[in-house]
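Enquirer: task: produce atomic coordinates for the following.
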Amino acid sequence: MATTTKSSSSNDTAAASSPSSPLPDVTEVTIHPLVLLSATDHYHRVARGTRKRAVGVLLGSSSRGTVDATNSFAVPFEEDSKNSEVFYLDHNYLENMLAMFRKVHAKERVVGFYSTGPQIRSNDLRIFDLVKRFVPAGTITPPVFVIIDVRPGRESIPTTAYRVVEEVDSNVPTAAAGKGGDGSGGAAEVRKTFAHVPSLIGAMEAEEVGVEHLLRDINDPTVSTVANLVKAKLSGLSTLTEKLVEMKDYLTAVSEGRMKPNPEIIANMQAIVNLLPNLNVEELVRSMLVKNNDMHMVIYLSALIRCVIALHDLVLNKIAYNEEVGDGLGEIMVKAKKAESGEEKKEDDDAKAKKEKK
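Expert: Okay, here's the model as predicted:
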């Protein structure tokens, strides 16, 4: 299975200060290309150009905390923009579609649901409870919630996965405290919320071949390979900048006390910093400058050769076109030749006539 970089964003998590979930932990969520294509098509059919979002069901398998979403289907969904508590999800349609999918793919089961977000909304917990009813009995791994960002401007991984955890909130005031007490004591209340789960894009060999053929049809033939490579480099650098800014925001929040430090995240950051080269070495700086100059020289010469070859081909095409079709010049040259041959013939006749008179 070929995978891309995992999503490690933690800004959208709704994790609590003291989570205690009795459910098994979901350690990783793998999204296959078919799910991304289906979700994108669903969004463009029902919610493109609006503030609505598309919601669907994820199908696949799960094992030892790893969820593998290999397929999906859309579900009719509507929600009131003014009242977040009002929404509609077609249960009958979901049951019928699930029954038909079982006839085709018996091993695929409900592993969660997706939304085009791009953020968590208040109805998502209620949708989670509804989708959980369709999870087969005896399933250990709970369903997951995946936000698939279909916006074209996004350059990082388009999926963000969440699992539901239970947190204990001890700051809920009791009825007695609300009437006449000081409100300092409160009853503990268990609430559900979403916690972030690492997600990645994975594909089987057959799916990789299909995606390659799809991208081959989408590619613009007028764009050269060098332009594609430069565009890919720019996209990678932009994503790197986004991740560095995210790391900076996390460290700032930890230093200011707004977030608790995570030793694993800090250790990964330290490992990344240790892998960076030391640019203060004069020999390394000179080597990079020489390499950069060599690359620019090659690009400059390649551009010059390409322009010369293009001009040469243009001249050859013009000559061939004039010879085969003609743009008026050929006919003029033929007429001129005929006129010249006619005048020469007339001069010869005059010369013969003078000789005969003599």
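Enquirer: going forward, measure contacts and count neighbours with C-alpha atoms only.
Expert: Will do.
Enquirer: quick one: buried residues of stretch 119-132?
Expert: 120, 124-125, 127-128, 131-132 (16 or more other CA atoms under 10 Å).
Enquirer: make CSV from those residues and add secondary structure, distance to Glu246 and pLDDT to it.
Expert: Formatted as CSV, the buried residues of stretch 119-132 follow (DSSP: H, G, I helix; E, B strand; the rest coil; distance: CA to CA, whole Å; pLDDT from 0 to 100):
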residue, secondary structure, distance to Glu246, pLDDT
Ile120, coil, 19, 90
Asp124, helix, 25, 92
Leu125, helix, 27, 92
Ile127, helix, 30, 93
Phe128, helix, 29, 93
Val131, helix, 32, 92
Lys132, helix, 33, 91
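Enquirer: ok, of these, which one's closest to Arg64?
Expert: Nearest to Arg64 among the buried residues of stretch 119-132, counting by CA to CA, is Lys132 at 18.5 Å.
Enquirer: nearest residue to the closest one other than its sequence neighbours?
Expert: Residue nearest to Lys132 in three dimensions, not counting chain neighbours: Pro143, with 6.6 Å by CA to CA, 6 or more residues apart in numbering.
Enquirer: that neighbour: neighbouring residues, count only.
Expert: 24 (other CA atoms under 10 Å).
Enquirer: could you list the low-pLDDT ranges of the chain?
Expert: 1-24, 170-187, 217-224, 326-348, 355, 357-358 (pLDDT under 70).
Enquirer: 80 instead?
Expert: 1-25, 84-85, 153-156, 168-189, 214-228, 277, 279, 323-358 (pLDDT under 80).
Enquirer: the residue nearest the centre of it and Ala351: what is the separation?
Expert: Nearest residue to the geometric centre of the chain (CA atoms, centre = their mean): Pro158, 4.7 Å. Here Pro158 is placed at a distance of 92 Å from Ala351 (CA to CA, to the nearest Å).
Enquirer: can you check Ile31 too?
Expert: For Ile31, the distance to Ala351 - CA to CA - is 96 Å.
Enquirer: of the two, who's got more company?
Expert: Ranked by neighbour count (other CA under 10 Å), Ile31 and Ala351 place Ile31 first, with 25 against 11.
Enquirer: what sits against that one?
Expert: Counting by CA atoms under 8 Å, 6 or more residues apart in numbering, Ile31 touches 68-70, 159, 199-202.
Enquirer: now stretch 73-89 - C-alpha only, PDB.
Expert: Output of stretch 73-89 as PDB, limited to C-alpha atoms (Å, rounded to 0.1, in the frame of the first residue of the first chain):
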ATOM      1  CA  PHE A  73     -21.900   6.700  -0.700                       C
ATOM      2  CA  ALA A  74     -23.800   9.900  -0.500                       C
ATOM      3  CA  VAL A  75     -26.800  10.400   1.900                       C
ATOM      4  CA  PRO A  76     -29.500  13.100   1.400                       C
ATOM      5  CA  PHE A  77     -28.800  15.700   4.100                       C
ATOM      6  CA  GLU A  78     -30.100  19.100   4.900                       C
ATOM      7  CA  GLU A  79     -29.600  21.400   7.800                       C
ATOM      8  CA  ASP A  80     -31.100  24.800   8.800                       C
ATOM      9  CA  SER A  81     -28.500  27.500   8.600                       C
ATOM     10  CA  LYS A  82     -30.400  29.600  11.200                       C
ATOM     11  CA  ASN A  83     -31.000  26.900  13.700                       C
ATOM     12  CA  SER A  84     -28.100  24.500  14.200                       C
ATOM     13  CA  GLU A  85     -30.300  22.000  16.000                       C
ATOM     14  CA  VAL A  86     -32.500  21.300  13.000                       C
ATOM     15  CA  PHE A  87     -31.200  18.900  10.300                       C
ATOM     16  CA  TYR A  88     -32.500  16.000   8.200                       C
ATOM     17  CA  LEU A  89     -30.800  12.800   7.200                       C
END
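Enquirer: distance between that stretch and the chain's centre?
Expert: Centroid separation for stretch 73-89 versus its chain: 25 Å, with CA atoms, centre = their mean, to the nearest Å.
Enquirer: which residues touch that stretch?
Expert: With CA under 8 Å, 6+ apart as the test, stretch 73-89 has contacts from 38-39, 42, 54-58, 90, 93-94, 97, 122-123.
Enquirer: so where do the strands sit in the stretch 101-250 of the chain?
Expert: Here the stretch 101-250 of the chain has its strands, by DSSP state E, counting those that start in this stretch, at 109-115, 144-148, 159-173, 186-197, 199-203.
Enquirer: the second one packs against which elements?
Expert: In terms of contacts (3 or more CA pairs under 8 Å, 6 or more residues apart in numbering; DSSP states H and E), strand 144-148 is packed against strand 109-115, strand 159-173.
Enquirer: and what of the fourth one?
Expert: Using 3+ CA pairs under 8 Å, 6+ apart as the contact definition, the elements that strand 186-197 packs against are strand 159-173.
Enquirer: now the strand it packs on and strand 199-203, what's the angle there?
Expert: Here strand 159-173 runs at an angle of 150 degrees relative to strand 199-203 (axes from the mean of the first three to the mean of the last three CA atoms, to 10 degrees).
Enquirer: so which elements touch strand 159-173?
Expert: Using 3+ CA pairs under 8 Å, 6+ apart, strand 159-173 is in contact with strand 144-148, strand 186-197, strand 199-203.
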